[in-house]
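**Q** this is a predicted model, with the sequence first.
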Amino acid sequence: MKHSDDLGWIREDLRSVSRQAFGKLHRLESVAVMGAQEPPIWSRRLARSLDIGENQAAAELMSLEQLGALQRFPAEHDRRKIFQPLAHPIWEFARELLENTIRSTAGDDYVDAYWATMLGGVQPRPVPR
């Protein structure tokens with residue numbers, strides 16, 4: 001998925017905040033987007049949404065599984081590692097941090113534009129609780 005140029009600088013700001021909050025460049029967006037997408041979640045889908053490498057997306061999924069925020073979804077005839085979000089405070093924290101960062105840098109209108117771009121025009125689903 002290619003992102004519109006006007007969101008590029010916002011995504012750079014999000015990476016900076018992510019590095020400060022999590023010590024990882026893409027963790028903030030990864031967690032926020034996973035929490036906003038309809039389940040199930042798998043690495044290729046996340047990688048395409050964020051325009052990152054599939055191995056990097058898989059590492060993010062494994063970290064959240066170890067944290068207890070994701071559960072492996074049994075898929076007998078599917079080679080993908082598919083996950084289902086579990087109730088965890090990281091989902092709400094990441095969504096609020098991401099949206100507050102966008103608001104403080106660009107304004108309220110860009111929050112909707114960000115989600116429309118990242119989720120293909122679909123509204124983010126409620127935070128997993």
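**A** Done, it's in.

**Q** so where does the most centrally placed residue in the chain fall, helix or strand?
**A** The chain has residue 33 as the residue nearest its centroid, 2.4 Å off, counting by C-alpha atoms, centre = their mean. Applying DSSP states H and E as the criterion places residue 33 in helix 27-36.

**Q** could you point out the helix or strand that follows that helix?
**A** Heading C-terminal from helix 27-36 (DSSP H and E), you reach helix 43-50.

**Q** just want the angle from the helix holding residue 33 to helix 43-50.
**A** Here helix 27-36 runs at an angle of 110 degrees relative to helix 43-50 (axes from the mean of the first three to the mean of the last three C-alpha atoms, to 10 degrees).

**Q** in helix 27-36, what's buried?
**A** Residues of helix 27-36 classed as buried under the neighbour-count rule (16 or more other C-beta atoms under 10 Å) are 27, 28, 29, 30, 31, 32, 33, 34, 35, 36. Bear in mind the C-beta positions are built from the backbone N, C-alpha and C, glycine included.

**Q** okay but the residue nearest to the centre of the chain is in contact with residue 50, surely?
**A** Yes. Counting by C-beta atoms under 8 Å, residue 50 is a contact partner of residue 33 at 6.3 Å.

**Q** and the strands in the protein?
**A** 70-73, 82-85 (DSSP state E).

**Q** lovely, talk soon.
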